[in-house]
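Engineer: just a sequence and a predicted model for now, questions to come.
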Amino acid sequence: MGLFGGFCGWVKGKAVNAVHKVKKSFYTAKEKVTNTWNGFTGKDKFQEAEKLYENITKRYNERRNRFDDDVDTITNQIEERVKKINNYKSKIKTELFVEMATNLEKIKDIKISKDFSIEEYKAEATKFDSVKTKSQVYKIDFNKHKFKTTAQAICTLGFYTRKKAKETLDAVKEEEKKIDTEVAKMNAEIAKLAAIEASLKNVEFYFESLINVYEQLLVRLDNSVHSLYLRCIQFAHKLVHSEMSLRRLPVIQQKEVEAIITSSKILKAMTDAQILSLEETSSVNVYQKNMKEQHDQIISTYNAA
């Protein structure tokens, strides 16, 4: 039994190996036949086109989804910046300037216009070409029309199907180039919106910081006017408007009053200035640059007072 069992096991092992070799040879032969057939019909080119089409469709859809999300996020940020800038302009014109004028009118007449421009941002939807459908791109479809393409390959000795497969691959490659262009447009649009938002963020900061500075100047102005009022009381039984002159203030307080007058003129110019086009990066950049220059002028005036 031992020898017989060993012999049977040996025979079985040989048989299993033989079966594996037969199967391997079969699949190898089948693969070669398939490759030969695909090359004959042009299906190999079609499969390459199919894979490329799936890749560019996935890439475009993913980028478009991210683009839409980015646009919504940055547009909301821009609208919030614009809202704050307009609120700062309103506060300067209707509160701070009124307080300044009320005090300065005790010294001399100053008329303050309450008209001021506001910014408005209108997001414009950028148009993009999407990926064409397979029916628009494919000149032949081996997966959708298996019997038809097989018959065409046999009847034309593969010339027709190979030609159409190559045309399909070329069409998909052209579609890939178009998608590359559209993705580049999306990237450029996001960069443009980000640049606009960054510039408006700076402008928002300029107004916010200048309001803080101007409020300090208003406190100084109020103190100066009060001091001037007390001086006039000392020199006259009856308060006369002509006696409320800057000449009666100490030099330091005169400089402070002059500083707020100078700052008011610059700040008024800032609040009156309006961006030519909030949708154009160059226009926003020029506006932001001008705002920075005027911001620095006020800070310099404040520090010198």
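Structural biologist: In hand now; what should we look at?
Engineer: the helix or strand hosting Val203 packs against which elements?
Structural biologist: Assigned by DSSP states H and E, Val203 belongs to helix 159-235. Counting contacts by 3 or more Cβ pairs under 8 Å, 6 or more residues apart in numbering; DSSP states H and E, helix 159-235 packs against helix 2-41, helix 43-91, helix 97-104, helix 134-137, helix 146-155, helix 251-272, helix 281-304. C-betas here are computed from N, CA, C, even on glycine.
Engineer: so which of those helices is nearest Ala191?
Structural biologist: The minimum distance between Ala191 and the helices and strands packed on helix 159-235 falls on helix 281-304, with 8.8 Å, by Cβ to Cβ.
Engineer: the inter-axis angle of that closest one versus helix 159-235?
Structural biologist: Comparing the axes of helix 281-304 and helix 159-235 via axes from the mean of the first three to the mean of the last three Cα atoms, to 10 degrees yields an angle of 20 degrees.
Engineer: now for the helices and strands packed on helix 159-235, which one comes closest to Lys177?
Structural biologist: Closest to Lys177 of these, according to Cβ to Cβ: helix 43-91, at 9.6 Å.
Engineer: can you pull the contacts of the nearest residue to Tyr53 once chain neighbours are set aside?
Structural biologist: Spatial nearest neighbour of Tyr53, excluding adjacent residues (Cβ to Cβ, 6 or more residues apart in numbering): Val172 at 5.0 Å. Shown in contact with Val172 (Cβ atoms under 8 Å, 6 or more residues apart in numbering): Ala49, Leu52, Tyr53, Ile56, Val137.
Engineer: model confidence score at Val172, please.
Structural biologist: In this model, Val172 is scored at 90, pLDDT.
Engineer: look up how far Phe159 lies from it.
Structural biologist: 21 Å (Cβ to Cβ, to the nearest Å).
Engineer: repeat for Ala184
Structural biologist: Remark: distance between Ala184 and Phe159 (Cβ to Cβ) = 38 Å.
Engineer: thinking again about what came up before, pull out the buried residues from the contacts of Val172.
Structural biologist: For the contacts of Val172, a burial check counting by 16 or more other Cβ atoms under 10 Å picks out Ala49, Tyr53, Ile56, Val137.
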